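>>> Any chance you can model this:
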Amino acid sequence: MKFGKSFEKQLEDEDIPAEWRAAAIKYKSLKKCITRVVQELESLGLRPETIKDLLDTSAAPDATRSSGGAIEYLFDGTTRSIQPKIRFTVDTTGAHMAELSSTTRTALRDLLQKAAANATSSKGEEMPSLDRVASHGSSSSSEALYDPVQGEKLEEEVERIRLHRQQLKLKRPPVLGTACSNGATGDEPCAEHRELQTIQIKLDSDLEFFDMLSQELDTLDALEEREKQSVAISINQLGSEVSALVRPNNKGKLNPDLEAWRKLLRLYEDAGVFQPVSESQRRSHTPEKAARQLAWFAKEVERTGILVTNAKRGNAKSQALYNTFNILNLAILRQIKFHSMNQEAMSKILKKFDKRTALTARRSFPDFMASDPFFGKGLAQAMYAAIASNILSIVPQLDDYACPVCTSITVKPIRLDCGHIFCVRCLITLQLSREKHCPICRKPNVLRADSSNIDYALLNFLKQYFPVEAKQKQKENEREQLRAEMLAAGMDPDKSSGCVVM
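This next block holds a predicted model:
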């Protein structure tokens, strides 16, 4: 199946809304426009094989690039007013023109004649689309090859070229086989004696093609921006509802909804739906993989029974909010798929353009449009960032408050002068071993820490959001303190002994 039909079928199969389908890349219309570009190029004698011959010359090493001709496909203007053009740099010396195929030589000579005819057009006529930009002889500088007429009167430029040619005729042409000024010899004229001419072609058909493409990108950008804002509003609303649901109570008991959403969001982060778990997976993280990871997340939530258990405790609102969360992720996934499908359509139509014309739009057009949001790769990351800041951050995870030494919750938290936090037992152990450097940044501030370094605000936060873990760590701290006191009294804490009455 051809891509045009498969693209339309994919838009239907993915249940893309009608408004989105209307804004998608018009692949078939653009494909028809390419035919007109090919026809206009052929009318100038520029068949694909001719352009390819010149491109091969342009891609040659620096030592031979100036022999024959060179071609560039460029874009001027702005991303909303694109001006494509073809620029030829031609060495009209017979020996160098001979290196090209006969078809290419004929095409270039025809273009030179048309450019010369355009240059002698009468004053007041509209500037032609085929411009003879400059003619340079006796010059070895490649920078001098490009001298476009900008703001200069046409007749003044023609007069300058005419005087320049008269000066060239006064010079005696070099004899083949004699030494050049740089000491080189050969059977061809030296670079300083070559006559290089630049021709600039502006086509009507490729302007139509890229203008159509630019308008479609505008439509897509506007659609995606509206959808992003709509999703952002939904994320903020869901975040507010989850925040109210998981708020810890004042009785020092665990909020069952808080525990359920902590496990649920932990699974979501492990799934890496829109944000790959590792950097090595970033390139291979396609919309298809995101869909698989989202399905895995839903299955794990069902398998573990996180929300079913919570519903039995008398509050089913978590299930309703989870359904909203899942629908929100599906909406984001659909938007990312639609963006990816249009990026593929863009790549395909530019590839088709290059194949039919032998030009290099697939490389130069994305570079020119790099500032357009469509060519960015941050849609999934932006959506994940919105979820992370409005939902994931609401429910704190235990790993974010673990002591870097014992890896358990930091109760009581001791904040050193350098800002790093450790649990009180680990800090006491460091002080008893006379370790004065912070285990993380190595600043000598461990021995200076005392009870004034206790972070009570963080301690109260941990007791509110992790009441079970905080109580367990407090009991462990008390056991460790008792053990230390028994050792100091000469008793063996590991050896059980009966009660002794003195």
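
>>> OK, contacts around residue 225?
If you count contacts by Cβ atoms under 8 Å, 6 or more residues apart in numbering, residue 225 has them with residue 373. For glycine as for every other residue, the C-beta is placed from the backbone atoms N, C-alpha and C.

>>> In terms of pLDDT, where does it sit?
Reading off the confidence values, residue 225 has pLDDT 92.

>>> Return the helix or strand in the protein with minimum mean pLDDT.
strand 130-137 (a mean of 47; mean pLDDT, DSSP states H and E).

>>> Residue 454: neighbour count?
Neighbourhood size, residue 454 [other Cβ atoms under 10 Å]: 15.

>>> how close does it get to residue 291?
Applying Cβ to Cβ, to the nearest Å, the value for residue 454 to residue 291 is 48 Å.

>>> cool, and residue 459?
Counting by Cβ to Cβ, the gap from residue 459 to residue 291 is 43 Å.

>>> tally of neighbours for the spatially closest residue to residue 214 that is not a sequence neighbour?
Leaving out its chain neighbours, the residue that sits closest to residue 214 by Cβ to Cβ, 6 or more residues apart in numbering is residue 82, at 5.5 Å. Neighbours of residue 82 under the rule other Cβ under 10 Å: 19.

>>> Equivalent analysis for residue 49, please.
Using other Cβ under 10 Å, residue 49 has 13 neighbouring residues.

>>> my guess is it meets residue 358, correct?
Yes. The pair residue 49 / residue 358 is scored as a contact, 7.4 Å apart, by Cβ atoms under 8 Å.

>>> Send over the helix or strand hosting residue 463 as CSV, restricted to the C-alpha atoms.
According to DSSP states H and E, residue 463 maps onto helix 456-465. Presented in CSV, the C-alpha positions along helix 456-465 are these (Å, rounded to 0.1, in the frame of the first residue of the first chain):
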residue,chain,number,x,y,z
TYR,A,456,12.0,19.8,62.8
ALA,A,457,10.0,21.0,59.8
LEU,A,458,11.2,18.0,57.8
LEU,A,459,10.6,15.7,60.9
ASN,A,460,7.0,16.7,61.1
PHE,A,461,6.6,16.3,57.4
LEU,A,462,7.9,12.8,57.5
LYS,A,463,5.7,11.9,60.5
GLN,A,464,2.7,13.1,58.6
TYR,A,465,3.3,11.5,55.2
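
>>> now what about it, what contacts it?
Contact partners of helix 456-465, identified using Cβ under 8 Å, 6+ apart, comprise 248, 252, 258, 396, 401, 409-413, 415, 421, 469-470.

>>> 6 Å - rerun?
Helix 456-465 is contacted from outside by 248, 396, 411-413, 470, using Cβ atoms under 6 Å, 6 or more residues apart in numbering.

>>> swap in stretch 382-398?
With contact meaning Cβ under 6 Å, 6+ apart, stretch 382-398 is reached by 232, 235-236, 239, 242-243, 246, 261-262, 265, 274-275, 332, 465.

>>> repeat for stretch 437-452
414, 416-418, 420, 430, 435-436.

>>> let's go with 7 Å and repeat that
Residues outside stretch 437-452 that contact it (Cβ atoms under 7 Å, 6 or more residues apart in numbering): 404-405, 414, 416-418, 420, 427, 430-431, 435-436.

>>> Buried subset of those as a PyMOL selection?
If you want just the buried ones from the contacts of stretch 437-452 in PyMOL, going by 16 or more other Cβ atoms under 10 Å, the selection is:
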select buried, resi 405+414+416+420+427+430
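
>>> quick check, nearest of the contacts of stretch 437-452 to residue 337?
residue 404 (40.5 Å; Cβ to Cβ).

>>> For that closest one, pull up the helix or strand it's in.
With DSSP H and E as the test, residue 404 turns up in no helix or strand.

>>> Quick check: the gap between it and residue 289.
For residue 404, the distance to residue 289 equals 33 Å [Cβ to Cβ].

>>> mind listing the helices for the stretch 301-450 of the chain?
Secondary structure of the stretch 301-450 of the chain (DSSP state H, counting those that start in this stretch): helices at 306-312, 317-357, 361-368, 379-390, 424-432.

>>> Going by secondary structure, residue 87 is in what exactly?
Counting by DSSP H and E, residue 87 is found in strand 81-91.

>>> I'd like to know which elements that strand is packed against.
strand 69-78, helix 102-119, strand 195-201, helix 204-245 (3 or more Cβ pairs under 7 Å, 6 or more residues apart in numbering; DSSP states H and E).

>>> next one: that strand to chain centre, how far?
28 Å (Cα atoms, centre = their mean, to the nearest Å).
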